[in-house]
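In: 3D, please:
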Amino acid sequence: MTDKLTADLFSDLFDDPHSGQSSQESIAHSPSSAAIADDGQQGSSQSSNTTAVATVPVWADNLRQLPNVFLRSALFSVGNNKNKRKYYSAKEPLHVETYGNYSMLFRGEELRQDDLDLMMELLHIVRGQPSHTKVHVCPMHLIRDMDWSRNKDSYSRLEKIILRLQMGVISIVIQSKKKDGSEEVLKYHGSFIKSSAMRDNMQGEQLRSDWVVEINPELFRLFSNNDFTRFSWEHRKEISTPLAKWLHSFFSSHDGSMGVPLDRLMKLSGYADANPAARRKFKMRIREYLSSMKDHRQIIDWQMTEDNRVRVIPLKWNLNTSRQTKPTQG
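Out: Reported below is the predicted structural model:
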């Protein structure tokens, strides 16, 4: 009886209600890394009042889009994955360093740039779909799309990241002014991923996997008021170090009109050390990474002033949902 109940539960989780196929079949016939399953009818409500279902924004295939609050903070730090991650309890949450009109607390296992990479991919898969959409993903397709090594370690790493994003809880407060002059406060309390289920099946020496991930639908409220940034996915994948990735995404969220103090960048990136020797090393790496980004045309230009303020002119990407989108300057 218990085995049948478990089988029925997982059947409901994994089967695509629209296609009549199992999710494994739909993945096998899909050119993308995932199959989309809309869990319920759009615009439906159990109450007598009709509630509109939010739709995830759409952007081009070669871009990724994220709310600025994730890019202008130390939520996804530049920590080295060789080092043990910190854990922040409910009693002693992390007061996340932020830039701008944001305040944030985090509870859970420390998040880093590889967690952000996966979050970008999941958001990219679900773009243009209802916010409550469940995503059927093939793990090896995700690993391929992020240019990770295709082995068991990457498979295990992927599963751990999904669980971190599911178990971690963020509390965000965003203050903004509307066009009519009134002030608006947006609050979000919750996880990144609402639920996940994983099914692995060994067929001879071949592993076939079907994972189902549901992003917390309330998370998409953070895309409101145009408070988000688009940037090149290929550029991000070309950048290998966590600090360089963070710098690229942070400055992509600005227009290049103002400089940011070096010490402020250290705190915002989650750079662990703050002693004089670490500061000199951080400054040296900033110069190295930004020079490399300019050489590889991942940014337009950069400068560091005598008083150690860093200014970067990023590439900007138009809202275009065609397969490829070209950058614009300014």
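In: so how far is the longest helix seen in the chain off the chain centroid?
Out: What stands out as the longest helix in the chain, according to DSSP state H, is helix 276-295. A distance of 25 Å separates the centroid of the chain from that of helix 276-295, by C-alpha atoms, centre = their mean, to the nearest Å.
In: Mind listing what's buried along it?
Out: Neighbour counts over helix 276-295 (16 or more other C-beta atoms under 10 Å) mark Arg279, Phe282, Lys283, Arg285, Ile286, Tyr289, Leu290, Ser292, Met293 as buried. (Each C-beta comes from the backbone N, C-alpha and C, glycine too.)
In: surely the fourth one meets Pro242?
Out: Pointing back at Arg285 there. No. Assessed by C-beta atoms under 8 Å, Arg285 is found out of contact with Pro242, at 10.8 Å.
In: my guess is Cys138 meets Asp210, correct?
Out: Yes. Using C-beta under 8 Å, Cys138 is in contact with Asp210, at 7.1 Å.
In: Let me know the secondary structure of Asn81.
Out: Secondary structure for Asn81, judged by DSSP: H, G, I helix; E, B strand; the rest coil, is coil.
In: oh sorry, the question was meant for Met202
Out: Applying three-state DSSP: Met202 is strand.
In: residue contacts, it?
Out: Met202 makes contact with Arg208, according to C-beta atoms under 8 Å, 6 or more residues apart in numbering.
In: Go again with 10 Å.
Out: Neighbour list for Met202: Arg208, Ser209 [criterion: C-beta atoms under 10 Å, 6 or more residues apart in numbering].
In: possible to save the buried residues of helix 276-295 as TSV with pLDDT?
Out: Shown next, in TSV, are the buried residues of helix 276-295 (pLDDT from 0 to 100):
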residue	pLDDT
Arg279	90
Phe282	95
Lys283	95
Arg285	96
Ile286	97
Tyr289	97
Leu290	98
Ser292	97
Met293	97
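In: and Pro67, bridged to which residues?
Out: Pro67 has these beta-bridge partners by DSSP bridges: Phe228.
In: and if you look at Glu214?
Out: Beta-bridge partners of Glu214, as defined by DSSP bridges: Lys134, Ser195.
In: got a list of what it touches?
Out: Contacts of Glu214 by C-beta under 10 Å, 6+ apart are 13, 37, 39, 122, 126, 132-135, 166, 193-197.
In: For the protein, which residues score under the pLDDT cut-off?
Out: 1-53, 204-207, 225, 274, 319-330 (pLDDT under 70).
In: Give me the common contacts of Arg285 and Pro242.
Out: Val78, Tyr271.
In: hey, where'd the strands end up in the stretch 101-250 of the chain?
Out: 102-109, 111-112, 134-137, 169-177, 183-190, 193-203, 206-215, 228-232 (DSSP state E, counting those that start in this stretch).
In: Now flag whichever of the contacts of Glu214 is closest to Leu142.
Out: Checking these against Leu142 with C-beta to C-beta, the nearest one is Leu122 at 8.4 Å.
In: on that earlier part again, with distance to Asn201 as new columns, can the buried residues of helix 276-295 be given to me in CSV?
Out: Rendered in CSV, the data for those read as follows (distance: C-beta to C-beta, whole Å):
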residue, distance to Asn201
Arg279, 51
Phe282, 47
Lys283, 51
Arg285, 44
Ile286, 47
Tyr289, 42
Leu290, 46
Ser292, 43
Met293, 42
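In: Can you tell me which of those residues is nearest His189?
Out: So of the buried residues of helix 276-295, ranked by how close each gets to His189 (C-beta to C-beta), first place is Phe282, at 32.6 Å.
In: Test my guess that that closest one contacts Asp263.
Out: Yes. Taking contacts as C-beta atoms under 10 Å, Phe282 lies within contact range of Asp263: 9.2 Å.
In: any idea how far Ser269 is from Leu142?
Out: According to C-beta to C-beta, to the nearest Å, Leu142 stands 25 Å off from Ser269.
In: How about Thr55?
Out: 33 Å.
In: Give the residue from the two that has the larger number of neighbours.
Out: Between Thr55 and Ser269, Ser269 has the larger neighbour count (other C-beta atoms under 10 Å), namely 24 against 14.
In: and the more buried one, what are its phi and psi?
Out: Here the main-chain torsion angles of Ser269 (degrees, to the nearest 10) amount to phi -80, psi -10.
In: what do you get for Leu265?
Out: phi -60, psi -40.
In: cool, and Val69?
Out: Torsion angles, degrees, to the nearest 10, at Val69: phi -60, psi -30.
In: How about Ile313?
Out: Torsion angles, degrees, to the nearest 10, at Ile313: phi -100, psi 110.
In: and it, what are its bridge partners?
Out: Asp301.
In: Compute the number of surrounding residues for it.
Out: 18.
In: Identify the residues contacting it.
Out: 251, 254-257, 294, 299-303, 329-330.
In: Many thanks, we can stop here.
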